[in-house]
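[1] Here is a sequence with its predicted model. Questions after.
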Amino acid sequence: MEQNTQYVVGVDLGGTKIATALLDQSGQVLRRTRFQTAELKTAEEVIDCLVRSVEEVRGDLPVAGVGVASPGAVDTERGIILNGTNLPGWAGIPLREEMKRRLGIPVQVVNDANAAAWGEYYAGAGQGSKTMVYITISTGIGSGIVLDGKLLLGSNGIAAELGHTMIGVDGPVCSCGRPGCWEAYASGTSIARIAEEASAREASLMTNLAAQEGIPISAKHLFEAARQGDGTA
């Protein structure tokens with residue numbers, strides 16, 4: 001690695017892990033590290049782990065800045081985590097300024113789905129388009145919108161939360177507290193709930209698949225049972 005080249009660090013912050021990578025100017029990943037977050041009890045411990053992961057991959061190389069993709073609501077303009085999903089005490093955290101103070105380099109913080117949307121627009125499936133929508137279905141349903149070549153963030157960074165579009169007035173209550181959100185029907189968590197309810201009503205291969213692993217029925221078991229022709233799934 002040439003010392004006169006400036007590098008950047010990307011961080012994926014999640015409820016179970018922190019995945020961090022050092023990249024060169026062409027976007028090639030040069031170093032990676034991964035820390036578990038499930039055992040961390042406070043926001044301070046999470047920030048300590050974030051800083052440690054960045055320091056580990058950058059070593060003594062000149063790093064131009066750090067980009068952090070965080071779950072939950074993020075005020076990108078101010079670099080504040082408004083409400084971090086599945087992270088302990090992760091509300092109203094001035095993450096950008098705290099990490100900048102400790103690392104001594106610029107830090108940018110953005111919602112993880114928005115970060116993924118920009119990644120696809122810049123270097124993935126969205127290349128060549130001016131406007132695109134990115135949707136990720138996992139524990140919840142996240143989304144990001146690139147509009148005329150710009151990431152749509154909204155006044156406080158929480159625009160384009162399509163998973164919290166209400167599609168059923170009398171539907172199940174979502175994690176956000178409102179009834180009938182798309183996420184309450186079609187996220188990985190919700191699919192698992194629906195599968196559990198269905199398997200309780202009638203026999204299903206889903207029950208056997210989950211029992212073989214000794215874990216509750218998940219979306220994975222539903223899709224595998226459906227693949228094998230299970231009628232309930």
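    Good, I have the coordinates. Numbers count the residues shown, from 1 in each chain.
[2] got a list of contacts for the helix or strand hosting V8?
    Using DSSP states H and E, V8 sits within strand 7-13. Outside strand 7-13, the residues within contact range by CB atoms under 8 Å, 6 or more residues apart in numbering are 1, 18-25, 30, 37, 46, 50, 53-54, 57-58, 61-71, 87, 112. (C-beta placed from N, C-alpha, C; glycine too.)
[3] For stretch 179-189, buried residues please.
    For stretch 179-189, the neighbour count (16 or more other CB atoms under 10 Å) marks G180, C181, W182, E183, A184, Y185, A186, S187, G188, T189 as buried.
[4] again, but for stretch 61-78
    Across stretch 61-78, burial judged by 16+ other CB under 10 Å covers 61, 63, 66-76.
[5] do the same with stretch 144-153
    Quick answer for stretch 144-153 (16+ other CB under 10 Å): G144, I145, V146, L151, L153.
[6] E213: which of those residues is nearest?
    G144 (32.6 Å; CB to CB).
[7] Would you work out how far apart the start and end of stretch 176-192 are?
    End-to-end distance for stretch 176-192: 18 Å, by CA to CA, to the nearest Å.
[8] Go ahead and confirm R78 touches L95.
    No: using CB atoms under 8 Å, R78 is not in contact with L95, being 9.9 Å away.
[9] residues near the closest residue to L40 other than its chain neighbours, how many?
    Leaving aside its sequence neighbours, L40 sits nearest to V46 (CB to CB, 6 or more residues apart in numbering; 5.2 Å). By other CB atoms under 10 Å, the residues close to V46 number 24.
[10] Please apply the same query to the one 5 residues further on.
    When neighbours are counted by other CB under 10 Å, V51 registers 17.
[11] I'd like the distance between it and A233.
    Separation of V51 from A233 (CB to CB, to the nearest Å): 44 Å.
[12] next one: N114
    Here N114 is placed at a distance of 33 Å from A233 (CB to CB).
[13] what's the longest helix seen in the chain in contact with?
    Across the chain, the longest stretch assigned as helix under DSSP state H is helix 43-58. By CB under 8 Å, 6+ apart, the surrounding residues in contact with helix 43-58 are 7, 9, 11, 13, 18, 20-22, 31-35, 37, 40, 63, 66, 68, 87-90, 93, 95, 98-99, 102-103.
[14] Now the element after that helix, going C-ward?
    strand 63-70.
[15] So what touches that next one?
    6-13, 22, 50, 54, 81, 84, 95-96, 99, 103, 105-112, 114-116.
[16] By neighbour count, sort out the buried ones in those residues.
    Listed as buried from those are 7-13, 22, 50, 54, 81, 84, 95-96, 99, 103, 105, 107-112, 114-116; burial here means 16+ other CB under 10 Å.
[17] thought T139 was touching A192?
    No: applying CB under 8 Å as the test, T139 and A192 come out as separate, 9.9 Å apart.
[18] I'd like the average pLDDT over stretch 24-41.
    What stretch 24-41 shows for mean pLDDT is 90.
[19] Endpoints of that stretch, how far apart?
    33 Å.
[20] That stretch: how far from the chain's middle?
    14 Å (CA atoms, centre = their mean, to the nearest Å).
[21] Against T139, how distant is T165?
    17 Å.
[22] Those two: which is more packed in?
    T139 (20 against 12).
[23] So which bits of the longest helix of the chain are buried?
    Quick answer for helix 43-58 (16+ other CB under 10 Å): A43, V46, I47, C49, L50, V51, S53, V54, V57, R58.
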